[in-house]
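Colleague: Got a sequence here, can you model it:
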Amino acid sequence: MLIALLSFTAAAALIVVLPGPDTLVVVRGVVQGGRVAGLRTSLGVLSGLVLWVLAAVLGLSAMLKASEYGYTALKFLGAAYLIYMGAQSLRAMIRGAALGEQPTVPQASSWRSGGFTAGFLTDLLNPKIGVLFVSLLPGFVPAGHSVTGTTLLLGGVFIALTAVYCGVLIAAAGTVTSWMQTPRTRRLLDGIAGVALIGFGAKLVTER
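Modeller: You can find the predicted model right below:
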């Protein structure tokens, strides 16, 4: 069991650190609202992962993988949401350019507007996460061990690694928050985030 756990941890760590929509949406949260918004976005991402782990345990992810229509519908919803967020970032960049060099100050926000919903929906509407779990987790369940218990354990490891990674992102971004909040830099980052999010959305639609 220990060997399986260590092997899964190594594989999961590689998957977690690969840049993707979750990483980008957390960084976007930090850019737009500082560490607090980044933390809220991270909690949204982690909440989405918890639901996907539970879905994998209950077999819902396997059903999603088997259902072409269900997978396609969720894929398009996820792509539409990523493209929407990308458009919002580009809109923020254009609005910032129209205001010239006037500094922008992050405003206090609710959990919904502060990034939690963005992180939660970005993760929940990505069918690849569910397919990843149903494809990856069973391969690390040792013979003779409880499938449900081991799947929960491995899912918990994946969530913990994601939490650590998000924490590192927030801490690293927090050291340059003042630089990120300057009008010129923020417009640049909003533009990069907008293009990247739209790119991720387009990629999600076109990939099989």
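Colleague: And the helices in this structure?
Modeller: With DSSP state H as the criterion, the chain has helices at 2-17, 21-58, 60-66, 68-98, 116-124, 127-136, 147-174, 177-180, 183-206.
Colleague: Next, format the ones you listed as a markdown table and append mean pLDDT and mean neighbour count.
Modeller: From N, CA and C alone the C-beta is placed, and that goes for glycine too. As requested, the helices of the chain are arranged in a markdown table below (pLDDT from 0 to 100; neighbours: other C-beta atoms under 10 Å):
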| stretch | mean pLDDT | mean neighbour count |
| --- | --- | --- |
| helix 2-17 | 80 | 14 |
| helix 21-58 | 86 | 22 |
| helix 60-66 | 65 | 17 |
| helix 68-98 | 73 | 17 |
| helix 116-124 | 88 | 23 |
| helix 127-136 | 73 | 20 |
| helix 147-174 | 86 | 17 |
| helix 177-180 | 58 | 13 |
| helix 183-206 | 75 | 18 |
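Colleague: Let's check: the centremost residue of this structure is which one?
Modeller: Central residue of the chain (C-alpha atoms, centre = their mean): D22, 1.9 Å from the mean position.
Colleague: Now do the same contact list for it.
Modeller: D22 is in contact with 45, 119, 122-123, 162, counting by C-beta atoms under 8 Å, 6 or more residues apart in numbering.
Colleague: Taking these, tell me the two that lie furthest apart.
Modeller: Set against one another by C-beta to C-beta, those have their most distant pair in T122 and T162, with a gap of 12.6 Å.
Colleague: Now for those two: what residues contact both?
Modeller: 22, 45.
Colleague: I'd guessed A4 sits against T151; true?
Modeller: No. Using C-beta atoms under 8 Å as the test, A4 is too far from T151 to be in contact (11.8 Å).
Colleague: Identify the contacts common to the two.
Modeller: V141.
Colleague: Could you report the distance from the residue of the chain positioned farthest from its centre to A56?
Modeller: Going by C-alpha atoms, centre = their mean, the residue of the chain most distant from its centre is G144, 33.5 Å out. Here the criterion is C-beta to C-beta, to the nearest Å. By it, G144 lies 20 Å from A56.
Colleague: how close does L46 sit to G156?
Modeller: Going from L46 to G156 by C-beta to C-beta gives 11 Å.
Colleague: Now distance to L51 too, for the contacts of D22, in CSV please.
Modeller: Rendered in CSV, the data for those read as follows (distance: C-beta to C-beta, whole Å):
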residue, distance to L51
V45, 11
G119, 12
T122, 13
D123, 8
T162, 13
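Colleague: Between those residues, which sits nearest V31?
Modeller: Set against V31, the nearest of the contacts of D22 by C-beta to C-beta is G119 (13.9 Å).
Colleague: I'd like to know how far the closest one sits from P21.
Modeller: When G119 is compared with P21 (using C-beta to C-beta), they lie 10 Å apart.
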